[in-house]
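Peer 1: Provided below for reference: sequence and predicted model.
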Amino acid sequence: MLAGGVGAARFLQGLCRRIDPAQITIVGNTGDDEDLIGLHVAPDLDTVVYTLAGRAGPHGWGLAGDSFLCLDALRRLGEPAWFQLGDRDLAVNLIRTAALRRGETLAAVTSRLVRAHGLRVTLLPMTNARVRTFVHTERGRLPFQTYLVRHQGRGRVGRIECAGAAVARPAPGVLAALRLADVVIVAPSNPLVSIGPMLAMPAFRRALRARRAPVAAISPLVGGRPLKGPLHRMLRGLGLEVSPRGVARLYAGLVDVFVIDHADAAWAPAVAALGMRPLVTNTVMYSPAHAGRLAATVLRALVAQPR
């Protein structure tokens with residue numbers, strides 16, 4: 001499964017109800033990674049881990065019941081404290097940063113953190129190299145977390161840049177996972193900044209295009225808007241259609257089944273015209289049970305998909 005943050009993590013909760021977690025390999029986005037107060041922070045990887053471990057905060061990120069004493073102290077000392085890193089969340093980031101400084105790869109430390117949380121899935125960062133997503137707005141070239149968190153996704157988006165992606169190699173295991181998978185699912189994540197950085201790596205895109213398994217992508221739009229995040233503003237700023245068809249076009253040639261919500265059923269013929277089989281179902285995941293039903297529906301469609 002190709003995964004961003006909150007939406008992907010919620011879908012994975014459902015997928016783990018339908019498949020043995022030990023059989024699930026997740027390729028996680030690292031374009032959102034950021035250096036904050038000297039730490040290497042990996043928001044999407046951590047969101048997947050915390051959610052599957054049953055420890056995610058009420059908004060889908062961070063740790064439930066976390067305190068922010070360190071952040072408050074930093075603020076009083078005059079340091080920027082706009083990114084909400086809780087005290088227990090800091091421990092994970094301290095471990096990751098120390099491991100990277102010792103020469104461990106991001107894949108190696110991510111594997112250790114997954115096991116430390118008692119999880120049986122395989123979580124691979126998309127690359128061990130540094131790939132950073134920048135959003136270009138009237139404020140200038142902004143690191144993604146600055147754009148999303150500090151500026152709350154405001155401003156007209158003129159360009160999205162995946163710096164380093166053109167020369168980055170997928171992390172060990174990523175290409176093999178794509179080659180050997182029985183099915184591939186693209187999570188209901190932002191196609192521009194969560195899945196886009198993966199597709200910007202030439203070897204990754206080639207492997208996904210050459211895969212033998214059927215691929216399904218789940219639209220992150222419901223009724224023409226994302227349930228979370230600024231995707232609609234990003235698409236509009238880039239001159240792209242804010243619709244399931246607009247998202248499907250970003251996956252043209254890579255995806256066999258495109259999953260849309262009942263609210264967007266009228267877009268099914270337009271999706272089919274792009275060469276993808278539209279699957280209309282309930283995509284809003286109010287609970288892990290809803291996510292489980294969505295996962296079951298997607299899996300059935302992939303099993304039935306001609307190869």
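Peer 2: Everything's here; your move.
Peer 1: now for the helix or strand bottoming out on mean pLDDT in the chain, which elements pack on it?
Peer 2: Least confident helix or strand, the chain: strand 225-226 with a mean of 91, by mean pLDDT, DSSP states H and E. Using 3 or more Cβ pairs under 8 Å, 6 or more residues apart in numbering; DSSP states H and E, no helix or strand is in contact with strand 225-226. To be clear about C-beta, it is placed using only N, CA and C from the backbone, and glycine gets the same treatment.
Peer 1: Tell me the gap between it and the middle of its chain.
Peer 2: 16 Å (Cα atoms, centre = their mean, to the nearest Å).
Peer 1: for stretch 284-291, same thing?
Peer 2: The answer for stretch 284-291 is 17 Å, by Cα atoms, centre = their mean.
Peer 1: Give me the contacts around that stretch.
Peer 2: 7, 10-15, 17, 222, 227, 261, 282, 294 (Cβ atoms under 8 Å, 6 or more residues apart in numbering).
Peer 1: average pLDDT across that stretch?
Peer 2: Throughout stretch 284-291, pLDDT has a mean value of 95.
Peer 1: So what would you say the end-to-end distance of that stretch is?
Peer 2: 8 Å (Cα to Cα, to the nearest Å).
Peer 1: Throw together a PyMOL command that grabs the buried residues out of the contacts of stretch 284-291.
Peer 2: In PyMOL, a selection of the buried entries from the contacts of stretch 284-291 looks like this (16 or more other Cβ atoms under 10 Å):
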select buried, resi 7+10+11+12+13+14+15+222+227+261+294
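Peer 1: now the strands for the stretch 151-300 of the chain?
Peer 2: 159-163, 184-186, 215-218, 221-222, 225-226, 257-261, 277-281 (DSSP state E, counting those that start in this stretch).
Peer 1: Now the weakest link among the ones you listed, please, by mean pLDDT.
Peer 2: Among those, strand 225-226 scores lowest, at a mean of 91.
Peer 1: Show me the strands paired with that strand, marking each as parallel or antiparallel.
Peer 2: strand 221-222 (antiparallel) (DSSP bridges).
Peer 1: ok, residues contacting the strand it pairs with?
Peer 2: So strand 221-222 is contacted by 231, 232, 242, 243, 244, 247, 260, 261, 263, 264, 283, 284 (Cβ under 8 Å, 6+ apart).
Peer 1: Buried ones among the residues you listed?
Peer 2: Using 16+ other Cβ under 10 Å, the buried ones in these are 231, 232, 242, 243, 244, 247, 260, 261, 263, 264, 283.
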